[in-house]
Structures are given as structure tokens and as C-alpha cells.
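[1] Provided below for reference: sequence and predicted model.
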Amino acid sequence: MSKSGDQTPQPPSHIPVPRSRRGPRAFFSDVNRELRRVNWPPIHETNRLTGVVLAVCTLLVLILTVMHLVFEQLIKVITRGF
């Protein structure tokens, strides 16, 4: 006999998977309906944020290039000394 507090949860033996027999037309209809519900940002905000992303990417490229050049020279100095 087991007490009610001693029960251990059993892992599910079968995870239910939803079945959809509606086809691709229904799928794309659902996608279209969901995309109409999205709150899209105004074009000026999109352009501003695109500029921010491009500026950050450019800054990272410059930083990594400088680091590469510095470490390349450092390795040359270290290995030339031996």
C-alpha cells in the first residue's frame, strides 16, 4: 500500500502530436492572417534601427581588424626573438 504523498510522477509514454489534414492552402491562410495581426513599426523607425545595426557591425569590424593587426605584430615580435 502506498500513501498518497509517495507517488512519483511517471514520464509520459506518448506525447500527443496535433494532426493537421487541412493542407498547405489552410497553412498559408493562417500565416497570412497572423501576419496581418503583427504590429509593424513605422518606416522611419525601421530605417533608424537599420542604421544602428549597420553602425554597430562596422564598429565591430574595425575593432576586430585592429585587434588582429596588433596581435599579428605581437606574435611576430615574440617569435622573431627566439
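    That came in fine, so what should we check first?
[2] if I look at Arg33, how far off is Phe71?
    Shown here: Arg33 relative to Phe71, a distance of 53 Å by C-beta to C-beta, to the nearest Å. Using the backbone N, CA and C atoms, a C-beta is placed for each residue, glycine as well.
[3] what about the residue most central in space within the chain, distance to Pro16?
    Most central in the chain under C-alpha atoms, centre = their mean is Val53, positioned 15.2 Å from the mean C-alpha point. Distance check for Val53 against Pro16: by C-beta to C-beta, it reads 41 Å.
[4] Report the secondary structure state of the residue nearest to the centre of the chain.
    Local secondary structure at Val53 is given as helix here, using DSSP: H, G, I helix; E, B strand; the rest coil.
[5] so what's it scoring on pLDDT?
    As summarised for this prediction, Val53 has a pLDDT of 98.
[6] and if you look at Pro11?
    Confidence at Pro11, expressed as pLDDT, is 63.
[7] what helix or strand does Val61 sit in?
    helix 43-80 (DSSP states H and E).
[8] Regarding Ser29, which helix or strand does it belong to?
    Using DSSP H and E, the secondary-structure element containing Ser29 is helix 24-37.
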